[in-house]
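Undergrad: Predicted model, plus sequence, below.
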Amino acid sequence: MGQVRASAERDIDASPDVVYAFVRDYRDQRPRILPPNYLDYAVEEGGTGAGTVVSYRLQAGRRERPYRMRVSEPAEHTLTETDTDSSLVTTWTVKPGGGGSRVQIETTWEGASGIGGFFERRFAPAGLRRIHDDMLARLADVLA
């Protein structure tokens with residue numbers, strides 16, 4: 001076993017406050033930037049920032065898995081989405097940069113062991129990085 005990591009970042013032409021307000025709105029704004037890999041997205045509790053709980057099925061490659069994510073805000077302009085049923089954690093960080101904001105999405109989880117874990121560590125990060133890149137491109141388009 002070992003930690004698996006997938007990360008993507010992009011400059012967004014909007015202030016960190018504007019970007020952060022957008023991405024922490026899980027009810028009205030977040031659905032606007034979700035790629036088609038996110039199926040059955042629903043807000044179960046809250047809707048804005050810490051305390052929000054969202055659920056969805058994520059389709060990556062030939063795999064599909066359900067997630068139920070609880071949101072926290074551990075630092076300024078940082079959202080952490082923690083799956084209630086696994087070790088998967090996705091962190092959104094918004095900082096000043098590029099004349100506007102630099103947004104990073106990073107997902108980590110404890111990988112499987114054995115041959116399955118080898119393939120997971122080898123291929124899953126690239127697939128998830130593509131999904132993160134797509135979401136960041138959508139965010140840039142919406143805020144342009």
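TA: Everything's here; your move.
Undergrad: Sheet-wise, list the partners of the top strand by length along the chain with their directions.
TA: Longest among the strand segments of the chain by residue count, using DSSP state E, is strand 63-75. Strands that pair with strand 63-75, judged by DSSP bridges, come out as strand 53-60 (antiparallel), strand 78-83 (antiparallel).
Undergrad: For the ones you listed, please prepare JSON lines with the additional fields mean neighbour count and mean pLDDT.
TA: For glycine as for every other residue, the C-beta is placed from the backbone atoms N, C-alpha and C. Shown next, in JSON lines, are these (neighbours: other Cβ atoms under 10 Å; pLDDT from 0 to 100):
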{"stretch": "strand 53-60", "mean neighbour count": "17", "mean pLDDT": "94"}
{"stretch": "strand 78-83", "mean neighbour count": "18", "mean pLDDT": "98"}
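Undergrad: Those into JSON lines, with extra columns for distance to residue 4?
TA: Conversion of the strands paired with strand 63-75 to JSON lines gives the following (distance: least, Cβ to Cβ, whole Å):
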{"stretch": "strand 53-60", "distance to residue 4": "12"}
{"stretch": "strand 78-83", "distance to residue 4": "13"}
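Undergrad: what about those, which gets the closest to residue 130?
TA: Evaluated over these, closeness to residue 130 peaks at strand 53-60, with 8.6 Å, by Cβ to Cβ.
Undergrad: Give me the contacts around that closest one.
TA: 26, 30, 34, 36-46, 64-71, 81, 84, 124, 127-128, 131 (Cβ atoms under 8 Å, 6 or more residues apart in numbering).
Undergrad: Can you turn the buried part of those residues into a ChimeraX selection?
TA: This is the ChimeraX syntax for the buried subset of those, where burial follows 16 or more other Cβ atoms under 10 Å:
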select :26,30,34,37,38,43,67,69,70,71,81,124,128,131
